[in-house]
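Peer 1: The following block contains a protein sequence and its predicted model.
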Protein chains: 2
Amino acid sequence: MPGVRGIALVIDLATAKTNKYASRESGDTVEFVERPTGGFSAVMVDGQGSGAAAKSLSLQLSSRAVSLLKDGVRDGVVARAVHDTLFAFRGGKVSATLDIVSVDLKTQHVIVTRNAVTPLIVLDDGDVSIVPTEAGPVGLYHFTRPSVVQLPLTAGLMVVSYTDGIQSAGNRSRAGAFDVSAAVGDVQLGRISSQAVANAILGQAVARDQGRPIDDMAVVVLTISEHQDDPLVRSITMRIPLP
Amino acid sequence: MPGVRGIALVIDLATAKTNKYASRESGDTVEFVERPTGGFSAVMVDGQGSGAAAKSLSLQLSSRAVSLLKDGVRDGVVARAVHDTLFAFRGGKVSATLDIVSVDLKTQHVIVTRNAVTPLIVLDDGDVSIVPTEAGPVGLYHFTRPSVVQLPLTAGLMVVSYTDGIQSAGNRSRAGAFDVSAAVGDVQLGRISSQAVANAILGQAVARDQGRPIDDMAVVVLTISEHQDDPLVRSITMRIPLP
């Protein structure tokens, strides 16, 4: 399947995450899966609170989302289903944020489906835009719907999604609001990998919290660029340092 | 959770895969997921044949395996369930190989559950061993069971699992059998990443097929080593070059 403009594109998807200081478990879960209709999705869930309960909640919700995506269910329905299940079993008492960042090769679009409290950062051919959140977290009210952003799959596109632990990093130390979009604008200049961008944003957030994160933190970065690889080798790397 | 010997361990899990020459789809699917009871699993499925039908089959079976693992079902039961479903719906006419490479933090073991046609390569503190296959592919006979290898989670452990496209690479060009264990022994010396090992094995296999792979190829490499990271940042990177 050739790129939109006849150019061979490469999907570069990465995540970096860390947990709240002195907490063994992170309530932020990120999973990458292949879509049965062609393409890939990142699922990021930030479960309410921190510690073991938040981790269990976020694993449960990410499990639901991953199963449905792997069954070929469309992203908007996956988000509604995750909400409905959480609301049905926890009666509006527990919330979570949900981000699904997808590359859909069938429609040749990047689709970002969110129930979040943070904005989405989009970098398109050098222009940074901040897409505010329209839909809040899942789990709290009847019939919550996600907000959806669709972008044509073209080289030079970068999408950055992050949890509120990154957004609020440094707030207690009077460092001012963390302008993630500025960080994205800065790091992109060198045409570096999604992983480097994710690590840079997480690193800045941790530094703003004086090296002791006040909340769990996770960031997902998707970059679409051109390539001249031959043969076409697909790769996934996961690095998990244990305490 | 400290490492077995009180040393901080890092899980380094990687995959590299490519498709049969002139085929748009690879029948080999690899997914990485987080286990709800603590730990991570790689699922590798090689669907019978090649092209769209093999891809659809391997996505369907990997979807089944991923859903069950994310629900906390034990690996041996996941393999049996994948077999039972395939056998029930395709009546013994379609087969697939299934590898589940898991790091189980609860039991502090690496667990490799396989219905494969290739051996497993284990490198433990410099010693390479070849663990032959005892269980064949799923889908063909009643009550197929997987073979299971359990290894204590310690630094210096490497496990390499691969599909038969790699095993048989070069067979048609009279290059002799591809000794993947020798390749593993060679590349390990420099203490390089799992991704570098996976890329090296895939690269050698592609070269043995004169740059035009005769079959879909996939390899999963898991390395356990020590680290001194602070803070603990977990990362996942996926790179997908499109045709």
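Peer 2: Perfect, I can see it now.
Peer 1: same for the worst-scoring helix or strand of chain A on mean pLDDT, what does it pack against?
Peer 2: Within chain A, no helix or strand scores below helix A:180-188, which has a mean of 81 by mean pLDDT, DSSP states H and E. For helix A:180-188, the elements it packs on are strand A:120-124, strand A:127-131, strand A:157-162, helix A:194-208, judged by 3 or more C-beta pairs under 8 Å, 6 or more residues apart in numbering or on different chains; DSSP states H and E. Heads up, the C-betas are built off the backbone N, CA and C, glycines and all.
Peer 1: The last one: how far from the chain's middle?
Peer 2: Taking the mean of its C-alpha atoms, helix A:194-208 sits 14 Å from the chain's own mean (C-alpha atoms, centre = their mean, to the nearest Å).
Peer 1: Say whether chain B is contacted by the longest helix anywhere in chain A.
Peer 2: Taking DSSP state H as the criterion, chain A has its longest helix at helix A:52-70. Yes - for helix A:52-70, a contact with chain B is found by C-beta under 8 Å from any C-beta of the partner chain, at A:56, A:59-60, A:62-63, A:66-67, A:70.
Peer 1: List buried residues within these.
Peer 2: A:59-60, A:62-63, A:66-67, A:70 (16 or more other C-beta atoms under 10 Å in any protein chain shown).
Peer 1: With respect to B:Pro132, which of these is nearest?
Peer 2: Of all these, B:Pro132 sits closest to A:Lys70, with 31.4 Å by C-beta to C-beta.
Peer 1: quick one: A:Thr37 from chain B, how far?
Peer 2: From A:Thr37 across to chain B, the span is 9 Å (C-beta to the nearest C-beta, to the nearest Å).
Peer 1: wait, isn't that residue in contact with A:Thr107?
Peer 2: No - look at A:Thr37 against A:Thr107 with C-beta atoms under 8 Å: they stay out of range, at 9.3 Å.
Peer 1: how about the strands in chain A?
Peer 2: When secondary structure is read from DSSP state E, chain A shows strands at A:9-18, A:28-34, A:39-47, A:96-104, A:109-115, A:120-124, A:127-131, A:147-152, A:157-162, A:217-226, A:234-241.
Peer 1: Distance check, the closest residue to A:Val73 other than its chain neighbours against A:Leu61.
Peer 2: Distances taken as C-beta to C-beta, 6 or more residues apart in numbering or on different chains place A:Ala81 nearest to A:Val73, at 7.4 Å, with adjacent residues excluded. A:Ala81 sits 10 Å away from A:Leu61, going by C-beta to C-beta, to the nearest Å.
Peer 1: Looking at those two, which one has more neighbours?
Peer 2: A:Leu61 (25 against 16; other C-beta atoms under 10 Å in any protein chain shown).
Peer 1: can you pull the contacts of the more buried one?
Peer 2: A:29, A:45, A:47, A:82, A:85-86, A:96, A:98, A:138 (C-beta atoms under 8 Å, 6 or more residues apart in numbering or on different chains).
Peer 1: Try it again at 7 Å.
Peer 2: Residues counted as contacts of A:Leu61 (C-beta atoms under 7 Å, 6 or more residues apart in numbering or on different chains) are A:45, A:47, A:82, A:86, A:96, A:98.
Peer 1: Do I have it right that A:Arg212 meets A:Asn19?
Peer 2: No - assessed by C-beta atoms under 7 Å, A:Arg212 is found out of contact with A:Asn19, at 11.0 Å.
Peer 1: mind checking how far the residue nearest to A:Val73 is from B:Pro152?
Peer 2: From A:Ala81 to B:Pro152 the distance is 40 Å (C-beta to C-beta).
Peer 1: thinking again about what came up before, would you reformat the helices and strands packed on helix A:180-188 as a markdown table and include mean neighbour count and distance to A:Gly185?
Peer 2: A markdown table is the format used below for the helices and strands packed on helix A:180-188 (neighbours: other C-beta atoms under 10 Å in any protein chain shown; distance: least, C-beta to C-beta, whole Å):
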| stretch | mean neighbour count | distance to A:Gly185 |
| --- | --- | --- |
| strand A:120-124 | 20 | 7 |
| strand A:127-131 | 13 | 5 |
| strand A:157-162 | 26 | 10 |
| helix A:194-208 | 21 | 11 |
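Peer 1: Out of the ones you listed, which gets nearest to chain B?
Peer 2: The closest of the helices and strands packed on helix A:180-188 to chain B is helix A:194-208. By C-beta to the nearest C-beta, the value is 4.6 Å.
Peer 1: Check which helices and strands the closest one is in contact with.
Peer 2: The contact analysis (3 or more C-beta pairs under 7 Å, 6 or more residues apart in numbering or on different chains; DSSP states H and E) places helix A:194-208 against strand A:9-18, helix A:180-188, strand A:217-226, strand B:234-241.
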